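*Asks:* Need coordinates for the below:
(chains A and B)
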Amino acid sequence: MSLSYRKINAVLQLKLRLMLSNLSVLFPPIFSIVFVIAMGNLIPDVDAGDAGAPFSTSGFLLSFGLIFNIAIAGITMSSSPIAEEKEKHTLRVLMTSSVKGAEYFIGSMIPILFILVLTNLLLIPASGVSFADIPVPTYLAITTLCSLISILIGYIIGVYAKNQAQASLMSTPILLMLTSTPVLKAFDENLARFLDYSYGGVLSNLSDSLAAGNGYEWNLTDASVLFVWLAAALVIFIYIYKKNGLDNG
Amino acid sequence: MPLVTLENVMKQEDNTTVLKNINLMIEEQSQIGIKMTNEESFVFFKLLTGELTPSSGQINSETNGILMEFTEDGLYDNLSVFSYLDIFKKIAYFKHPLKEFSAIFSLSDVWDTKIKHLSFDQKKRVSLFRMSLFSPKLLLIQSPLSHSTVEGIELYKKALEYLQSQNVAILFTSHFLEELVLVSNEIYRYNRNTGLEKTDLINESKTESSELNDTDSKPSSVYKVSSKMADKTIFFSPDEIDFIESVNSVSTIRIGEEYFPTALTMNELEEKLTRFGFFRCHRSYLVNLQRVSELVSYSKNSYTLILRGSNKVNLPISRNRLEAMRALIEF
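*Replies:* Below is the predicted model:
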C-alpha cells in the first residue's frame, strides 16, 4: 500500500485548521498544566518519607499531570474528531476524495502527538520537578510511547463508535482506570504491583523516580510493558479498522 | 465509448433485492436523472464506484474518475470556503488558483465566509466545486436541489453547464421527478418490479424545432399524457399512471407518491385513456384498472377501490359506476 505524502500533509493541515478554528479541542492538555499548577499551590510541598508522606508532592503532581495529559487528552483528542467526522458525514467526503485510511490516521496523529509531547515537557516545570534531574531523552521516549498508545486507543474507540456520544461513553471507563493509577499505586502495594503492568503504571514509576531524585533507569519490565501495550493497541486498532472500516456510520 | 455500462445488474443485501434489472449506458457529458429512493441510490452509487460488487449482471467502467455525493454529506462548518477548498485542492493536486473558478460556482462573495454561515444553495455549490477539483469523468449526486431556492437552482445549473463543458458526465438520483427534470437531459424511473424505465422528456427549445420538422405521419397506437414542469414537458405512458384526480378543476396525474398537473380536462383524458384500460370510477377520478387490487364494500351503497402499492390508495366508486366496471372487467 503506497501512501501519499501530499495527502498526509493535506490531512495534517486540515486538522491544524480545524484545531485553530475550534480551540476547545486543546482544553484537555491546557487543563492538565493548569490543574497541576493549581494542585501544586494547594498540596503542601513534601518529599516521600517526610512526616510519613507516601509520595513526594512534585512526583505526585507530575505523575497526575502526565496521566491527565496522556490518557484524557490523548484518548479524547484522537477519538472525538473521528466520531465527530462520522457523525457529520465529513469523513466519507474525505474517503471518497481518494484519501486512504492510513493517510488520514497519520495526518491526524501528527498534530495530536506534537501537542501531547509539548505538554509533557511543560508539565516538568509546572509540577516543580527540576529539569536538571530529568534525563530528557528517556523522559521523552517513555512519554511519547505512552502518548502513541493513548492515541491508538482513541483511534480504536473512534473507529468503533458511531457518534460522539458513543465515543465519550466508551472512553469513560478507560479514562477512569488510567487517571486513578497514581493514587491507587500510592495507597495499595498489591495493586501497585499489578498496575506496574499498565502503561499508566510505567508513567507513574517514571515520575516518582524523577521526583525522588533517584533518576530513572530503563528496565526490561517497563520497556516490555510499553512495547506490549503499543503492539496490542496497534493490532486491535488494525483489526477493528479492517472489520468496521473508517466510515461505518 | 460509454464511460460506464450496466447490463442486467441486480444487487441483493441482507437477503433483500435492493436493485434489479438495471440496464444503463452513461456517456461522456451526459446528464442523467434517476428517480429512486435514497437507499437504492446509496447502493447504486457504490456499485458504480466499485465499492460494492453486483449480485448478478455486469458493470463495465472505462474510468476511475468517479466521485459521489450523498445528501447528508457534510462540510467542515468552521472552515471558510477558501480554506475548505484549499485542503481539497492539495488532495486533488489541482494546479490552478482556486479564485479563478469562484465566479463559475457563484461563490466569490462568500469566499472568506465560514461554511456554517452559508445557505443550503451555497453549500451545494461548494460541494460541486470540491468535486470538480478532482477532474472527474463522472459525478454521482444524490438529490442536489431538494431544499434549493429558485435562484439557487439557476446558479447550480450554471455550475453544471461549466462541468458539462469540461466533459463531465453527471448522474443524479432523487425521490422527486420534478427535481430531476431541472438538472437532467435523460430521465429514468426505477421500479422495484420492472427495473429501470426511461421517461420520455423533451426540452422546450427542442419542441419548437421539432414542430418545424413535423411530418404528416402520426402513429395511431401511441398516446402519452404530458405534464409541463418549468421549461420541460414530461410524457407519461398510460401504464405508468396510477390514477388521475381532479384537484381544484385541474387534472392531476398521480404516479406513486407524486403529482403532475396536466392541461387536459378529465373528460378529454377519459376519452383518450379508456382504450388503455382507464375507467372513470368517480366524477373526480380516472383510475388505471391494471393498478386496482381490491374492491371493498363498507356499506350497501358505498364501494371503494384499493390500488396496488405500498400506500394502498383508496378511490371511491359509485354504485352505478360499479355496474359499468363489472361489465368492463367481467367479475
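
*Asks:* what residue ranges in chain A score low on pLDDT?
*Replies:* A:1, A:46-55, A:211-215, A:247-249 (pLDDT under 70).

*Asks:* Residue A:209 contacts residue A:222, correct?
*Replies:* No. With contact defined as CB atoms under 8 Å, residue A:209 and residue A:222 do not form a contacting pair (10.2 Å). Just so you know, the C-beta spots here come from the backbone N, C-alpha and C atoms, and that holds for glycine as well.

*Asks:* Please list the residues of chain A that sit near chain B.
*Replies:* A:6-7, A:9-10, A:13-14, A:17-18, A:21-22, A:88-90, A:92-94, A:96-99 (CB under 8 Å from any CB of the partner chain).

*Asks:* picking that back up, looking at residue A:209 and residue A:222, which is more packed in?
*Replies:* residue A:222 (20 against 16; other CB atoms under 10 Å in any protein chain shown).

*Asks:* Please determine how far that one is located from residue A:187.
*Replies:* Distance from residue A:222 to residue A:187, counting by CB to CB, to the nearest Å: 21 Å.

*Asks:* which ones are touching residue B:234?
*Replies:* B:177, B:181, B:187, B:199-201, B:226-228, B:260 (CB atoms under 8 Å, 6 or more residues apart in numbering or on different chains).

*Asks:* So which other helices or strands are in contact with whatever helix or strand residue B:23 lives in?
*Replies:* Under the criterion of DSSP states H and E, residue B:23 resides in strand B:16-26. In this structure, strand B:16-26 makes packing contacts with strand B:4-13, helix B:38-49, strand B:186-191, strand B:195-203, judged by 3 or more CB pairs under 8 Å, 6 or more residues apart in numbering or on different chains; DSSP states H and E.

*Asks:* could you check the angle strand B:186-191 makes with that strand?
*Replies:* Between the axis of strand B:16-26 and that of strand B:186-191 there is an angle of 160 degrees, by axes from the mean of the first three to the mean of the last three CA atoms, to 10 degrees.

*Asks:* distance between strand B:16-26 and the chain's centre?
*Replies:* Relative to its chain's centre, strand B:16-26 lies at 15 Å (CA atoms, centre = their mean, to the nearest Å).

*Asks:* Name the residues that touch it?
*Replies:* With CB under 8 Å, 6+ apart as the criterion, strand B:16-26 contacts B:2-12, B:32, B:39-40, B:43-44, B:47, B:57, B:138, B:169, B:171, B:188, B:190, B:192, B:194-196.

*Asks:* cool, and stretch B:62-71?
*Replies:* With CB under 8 Å, 6+ apart as the test, stretch B:62-71 has contacts from A:89, A:92-93, A:96-97, B:1-4, B:38, B:42, B:45, B:48-49, B:127-128, B:131, B:134-144, B:146.

*Asks:* Tell me how far residue B:35 lies from residue B:160.
*Replies:* 18 Å.

*Asks:* okay, the two: which has more neighbours?
*Replies:* A side-by-side neighbour count of residue B:35 and residue B:160, using other CB under 10 Å, places residue B:35 first with 26 against 21.

*Asks:* For the more buried one, list the residues it contacts.
*Replies:* B:173-177, B:180, B:187-190, B:199.

*Asks:* which ones among these come in contact with chain A?
*Replies:* Okay, of the contacts of residue B:35, nothing touches chain A (CB under 8 Å from any CB).

*Asks:* Write out the residues of chain B neighbouring chain A.
*Replies:* So chain B meets chain A at B:49, B:67-70, B:72-79, B:83, B:87-88, B:90-93, B:114, B:130, B:134 (CB under 8 Å from any CB).

*Asks:* Show the buried residues in those residues.
*Replies:* Listed as buried from those are B:49, B:67-70, B:73-79, B:83, B:87-88, B:90-92, B:114, B:130, B:134; burial here means 16 or more other CB atoms under 10 Å in any protein chain shown.

*Asks:* Need the nearest residue in space to residue B:270, chain neighbours excluded.
*Replies:* residue B:280 (5.0 Å; CB to CB, 6 or more residues apart in numbering or on different chains).

*Asks:* Counting by contacts, list what the helix or strand harbouring that neighbour packs against.
*Replies:* Assigned by DSSP H and E, residue B:280 belongs to strand B:278-282. Helices and strands touching strand B:278-282, by 3+ CB pairs under 8 Å, 6+ apart, are helix B:266-273, strand B:285-288, strand B:314-317, helix B:319-329.

*Asks:* what's the most buried one of those?
*Replies:* With neighbours taken as mean count of other CB atoms under 10 Å in any protein chain shown, the helices and strands packed on strand B:278-282 reach their highest mean count in strand B:285-288, at a mean of 23.

*Asks:* Packing partners of that strand?
*Replies:* Judged by 3+ CB pairs under 8 Å, 6+ apart, the packing partners of strand B:285-288 are strand B:243-247, helix B:266-273, strand B:278-282, strand B:314-317.

*Asks:* try it again with 10 Å
*Replies:* strand B:243-247, strand B:250-255, helix B:266-273, strand B:278-282, strand B:302-307, strand B:314-317 (3 or more CB pairs under 10 Å, 6 or more residues apart in numbering or on different chains; DSSP states H and E).

*Asks:* Contact partners for residue 6?
*Replies:* Using chain A. A:103, B:90-93 (CB atoms under 10 Å, 6 or more residues apart in numbering or on different chains).

*Asks:* hm, I was asking about chain B
*Replies:* Contact analysis of residue B:6 by CB under 10 Å, 6+ apart lists B:19, B:22-26, B:44, B:47-48, B:54, B:57-61, B:196.

*Asks:* List the beta-bridge partners for it.
*Replies:* residue B:24, residue B:59 (DSSP bridges).

*Asks:* Show me what the longest helix along chain B is packed up against.
*Replies:* Identified as the longest helix of chain B according to DSSP state H is helix B:150-165. Secondary-structure packing of helix B:150-165 (3+ CB pairs under 10 Å, 6+ apart): strand B:31-35, helix B:120-132, strand B:138-142, strand B:169-174, helix B:177-183.

*Asks:* hang on, the earlier thing: any shared contact partners between residue A:209 and residue A:222?
*Replies:* Counting by CB under 10 Å, 6+ apart, the residues touching both residue A:209 and residue A:222 are residue A:216.

*Asks:* before we move on, the earlier item: PyMOL command for the buried members of the residues of chain A next to chain B?
*Replies:* Applying 16+ other CB under 10 Å to the residues of chain A next to chain B leaves a buried subset, and the PyMOL line that selects it is:
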select buried, chain A and resi 7+9+10+13+14+17+18+21+88+89+90+92+93+94+96+97+99
